[in-house]
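Visitor: Return atomic coordinates for the entry below.
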Amino acid sequence: MKKIVLLFASVWFVIFSVAQTTNPATTKEVQDKIKQAQQQLNKLTPEQKKMMEQMGMSTTLPAMPNGLSDADVRTALGGDAFSVPAKNATLIAAIPAITLTAATLPSYIQSLNAYIEKNIAADAKPVAKEVYDFFSINKYTPEAIGNEAVGFWSIGRPEIAIYVIGRACSNNASDADLLSNFATMLSMGGAPHRAIPLLEYLNKQYPGNTTILNNLGQAWFYLGETDKANEQLNKVVKAFAYHPQANYTQCLIEKSKGHTVTAIEKMKNSLAYSFSLDKINMLKKLGYKVKGTDMRIPFHPDPDPLGLQNFIRPDVPASYTDELRLSADWDAFQKQVNEKSIQLAKDLVPFQQANAQKAQQAYEKFAGKSAEQILQMKAGNATKSNLYETIAQRNLEEMDKDGGEAYRLKKAIAAIDSLRKDFQAKDEAQRKKIEKQNSITATGESELAKKGENLGYDNCVVQQQYSEWVYKNYNKLLEEAYKNYLHQLYVKITEELYWKQFVQDDTAFEATKIAAKKEWLEAIGNTRYIATNKYGACETAETKTSRYKLADFDEMHCNYKSTLDFKVCTMAFECGKSSISFDAGRLSGNFHFKSDNAGIDRFVKGTMEATAIDKSISTSKGPLQVGASVKAGMGMELSSRGIEDVYATGEAKVTIGSNTVSDPAGIVNNPSINITASGRMSLISGNMTGAISGFGK
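Guide: Residues are numbered from 1 along each chain as shown. Prediction:
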């Protein structure tokens, strides 16, 4: 695609001299424009050509790359993830004039398989056939083969996926999941006209199923029939207001009509259920800045990940008597806090050194290189460390804004500082005042004093009144301020830890956790009352040796794990970090590449739903549905970048490490949950950003 963009950048430099105002829509139109543009360049004088060459512009336009389809042209020139396709009269006319029945369905599937065999890339056919043969030899059921096909689709191998699922449908033309996923792959692969008869057949079999309705609406959208698309998509969002794919496509339709406010609301609804960078970028184009609250929290966070609430401060005195009784506990508490803080500082050093070493390596890697070279290096070596980095960054940014966690913490600290400063300003004057009020005056002559002379004051009386003044005006108010401060700090630390696990590597995150522990200890250790014992021996309670023992921190673990098991392909997700393992006989390896033989990305948007409830015990009708309340499982948001989001779905808890329902009345939000979904799989089509080579005929 990079070659295409560079090519068109060169073409459009001189295209204004050619009387054309519309973008080309086919390879022939592109070739015509290149030819016309070259003719204009050939008319330049030698001086003009030399000037262009000095500016780094060639006077000879590059040829169009081999292997480009009409779909590639539309994608490269305005046909991106944010566009509404032009009405494709050719494909609309090519929709088979057939009303499928159970009797005619097998022959139609056979014709679709012939279409796939003819039109997928030559180098994909032997691989796809080998994959299907592997499944057949190992006696996979058609349903299992269909799930494996969905696995290939989700890792960016659509040609293998559609070949395999087509054969699976030939072996079992009565399975709704197989047929729905087959139709979805056809539609997103660039042949929506051939998918429509299948989807209309399924719609009659399972009326009201949101997956079928969405996929039918998307197929009409791909053909440029936005009114027919909206008719189906409206039914989808009526059934589930936050349907990610239906709302996304309706946003594009509303945007094309100039309805910006409605378009924003549609895209916000799509983002609320499932995240993708395309949605963030689209809202930005529409003039809306996404907030952290607009996005779904990836998984239910542990409310106390480091066990901060294990740390119990000693009892807080409410009087001078309490102060004397509790002073030993507070001394022991602060001593242990200091000792543990020193140890944490030592524990932090290796991680700080490791991070510094990484920073030095990064500096050496980029030192001496131009900005352009650095950008190329980043583009070439970019790897997505986890799924939720963008969501995390946005939420971390908002913590520092007015009203955010960091802002509230600053206010809490300011309240404490204000009380302490006020005490320091008034303490000495108040003590003198109390001392004067309680001074004893000599009433007669004596050897030690004359009548009217100040004989001092009763220490215990002054001590009591001074303590009462401090506790009434400061200590009680300070304790409330301390509680608020510790609460705000706890919220900030917990929130930061939750989001930073998505933006930091393991070494940096370990350092962050240790620093958070140290910050918490220093905070609780600095929340002692103002001591009032300033007047000597007026003890009214016996002080005892403290038995206080400081608690320890909990280790922060990622308790949210989900797995999609495709047998030959297993995807594991652990708090947003993902791994994919692949093993299909001689095809073992990591299928992370997503390009065809021409080096062009061939992937599309969509959502995949999987249920942990076996089909045999499911009471639902038709393919799985986003937002349906009778399933337990997981879903994924897919795009040309790969897997964008993973989410739990349904209204049932799943037994840890199994695929059985343990509590139908519960909700899948337990942070310790481990969803292993290997039952039914459903693809929900979304905005098409590419197509399979050879499709669209």
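
Visitor: drop to CA atoms for contacts and neighbour counts, all remaining ones
Guide: Will do.

Visitor: does residue 393 count as helix, strand or coil?
Guide: Secondary structure, DSSP: H, G, I helix; E, B strand; the rest coil: residue 393 is helix.

Visitor: so what's it up against?
Guide: Contacts for residue 393 (CA atoms under 8 Å, 6 or more residues apart in numbering) come out as 499, 503.

Visitor: And it, how far from residue 165?
Guide: Going from residue 393 to residue 165 by CA to CA, to the nearest Å gives 39 Å.

Visitor: what separates the residue nearest the centre of the chain from residue 292, distance-wise?
Guide: Of all residues in the chain, the one closest to the mean position by CA atoms, centre = their mean is residue 388, 2.7 Å from it. To residue 292, residue 388 is 12 Å away according to CA to CA.

Visitor: biggest helix in this protein, by residue count?
Guide: helix 320-366 (DSSP state H).

Visitor: For that helix, enumerate the helices and strands it packs against.
Guide: Packing partners of helix 320-366 (3 or more CA pairs under 8 Å, 6 or more residues apart in numbering; DSSP states H and E): helix 459-470, helix 506-525.

Visitor: can we see that at 7 Å?
Guide: Other elements packing on helix 320-366 under the criterion 3 or more CA pairs under 7 Å, 6 or more residues apart in numbering; DSSP states H and E are helix 506-525.

Visitor: give me the low-pLDDT residue ranges for the stretch 401-550 of the chain?
Guide: 440-456, 537, 539-544 (pLDDT under 70).

Visitor: after the helix or strand harbouring residue 118, next one along is what?
Guide: Assigned by DSSP states H and E, residue 118 falls within helix 105-119. Next in sequence after helix 105-119, counting helices and strands by DSSP H and E, comes helix 124-137.

Visitor: in that following helix, what counts as buried?
Guide: Using 16 or more other CA atoms under 10 Å as the test for burial, helix 124-137 gives 124-125, 128-132, 134-135.

Visitor: could the residues you listed be laid out in a markdown table, adding distance to residue 87?
Guide: Shown next, in a markdown table, are the buried residues of helix 124-137 (distance: CA to CA, whole Å):
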| residue | distance to residue 87 |
| --- | --- |
| 124 | 30 |
| 125 | 31 |
| 128 | 32 |
| 129 | 35 |
| 130 | 38 |
| 131 | 36 |
| 132 | 36 |
| 134 | 41 |
| 135 | 39 |
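
Visitor: hmm, back to that, what are the buried residues along the helix holding residue 118?
Guide: For helix 105-119, by 16+ other CA under 10 Å, it's 105-106, 108-109, 112-113, 115-117, 119.

Visitor: Same question for stretch 396-406.
Guide: Here stretch 396-406 shows 396, 398-399, 405-406 as buried, counting by 16+ other CA under 10 Å.

Visitor: ok, those residues vs residue 257, which is closest?
Guide: Using CA to CA, residue 398 is the member of the buried residues of stretch 396-406 that lies nearest residue 257, at 32.8 Å.

Visitor: how close does that closest one sit to residue 494?
Guide: Residue 398 is 15 Å from residue 494, by CA to CA.

Visitor: quick one: which of the buried residues of stretch 396-406 sit in helices?
Guide: Using DSSP H, the buried residues of stretch 396-406 in helices are 396, 398-399, 405-406.

Visitor: Pick out whichever of the residues you listed sits closest to residue 190.
Guide: Of all those, residue 190 sits closest to residue 396, with 39.6 Å by CA to CA.

Visitor: do you know how far the closest one is from residue 168?
Guide: From residue 396 to residue 168 the distance is 46 Å (CA to CA).

Visitor: same thing with residue 624?
Guide: Residue 624 is 18 Å from residue 168, by CA to CA.

Visitor: ditto for residue 307
Guide: From residue 307 over to residue 168 (counting by CA to CA), the distance is 51 Å.

Visitor: Who has more neighbours out of these two?
Guide: Per other CA atoms under 10 Å, whichever of residue 307 and residue 168 has more neighbours is residue 168, with 27 against 17.

Visitor: who's in contact with that one?
Guide: 142, 145-146 (CA atoms under 7 Å, 6 or more residues apart in numbering).

Visitor: What residues sit buried inside stretch 134-148?
Guide: The neighbour-count check on stretch 134-148 (16+ other CA under 10 Å) flags 134-135, 142-148 as buried.

Visitor: measure it end to end?
Guide: Stretch 134-148 end-to-end distance (CA to CA) = 11 Å.

Visitor: and that stretch, average pLDDT?
Guide: Averaged over stretch 134-148, pLDDT sits at 89.

Visitor: what's the answer for stretch 330-347, then?
Guide: Mean per-residue pLDDT for stretch 330-347: 93.

Visitor: quick one: contacts of that stretch?
Guide: Identification of contacts with stretch 330-347 by CA under 7 Å, 6+ apart yields 314, 514, 518, 521, 525, 546, 548, 550.

Visitor: Swap in 6 Å and give it another go.
Guide: Applying CA atoms under 6 Å, 6 or more residues apart in numbering, the external contacts of stretch 330-347 come out as 518, 525.

Visitor: quick one, strands of the stretch 1-150 of the chain?
Guide: Here the stretch 1-150 of the chain has no strands by DSSP state E, counting those that start in this stretch.

Visitor: Low-confidence ranges, it, go.
Guide: Filtered on pLDDT under 70, the stretch 1-150 of the chain yields the residue ranges 1-27, 29-30, 48, 50-59, 61-82.

Visitor: on that earlier part again, from the buried residues of stretch 396-406, which is closest to residue 570?
Guide: residue 396 (31.7 Å).

Visitor: Distance check, the closest one against residue 122.
Guide: Counting by CA to CA, the gap from residue 396 to residue 122 is 48 Å.

Visitor: Kindly report the same for residue 571.
Guide: From residue 571 to residue 122 the distance is 28 Å (CA to CA).

Visitor: Comparing the two, which residue is more hemmed in?
Guide: With neighbours defined as other CA under 10 Å, residue 571 and residue 122 compare such that residue 571 has more, 18 against 12.

Visitor: for the more buried one, which residues make a bridge with it?
Guide: When assigned by DSSP bridges, residue 571 has beta-bridge partners residue 564, residue 580.

Visitor: And the average pLDDT for stretch 168-184 is what?
Guide: Average pLDDT, stretch 168-184: 94.

Visitor: If you count neighbours, what's buried in that stretch?
Guide: Under the neighbour-count criterion of 16+ other CA under 10 Å, stretch 168-184 has 168-170, 173, 175-184 buried.
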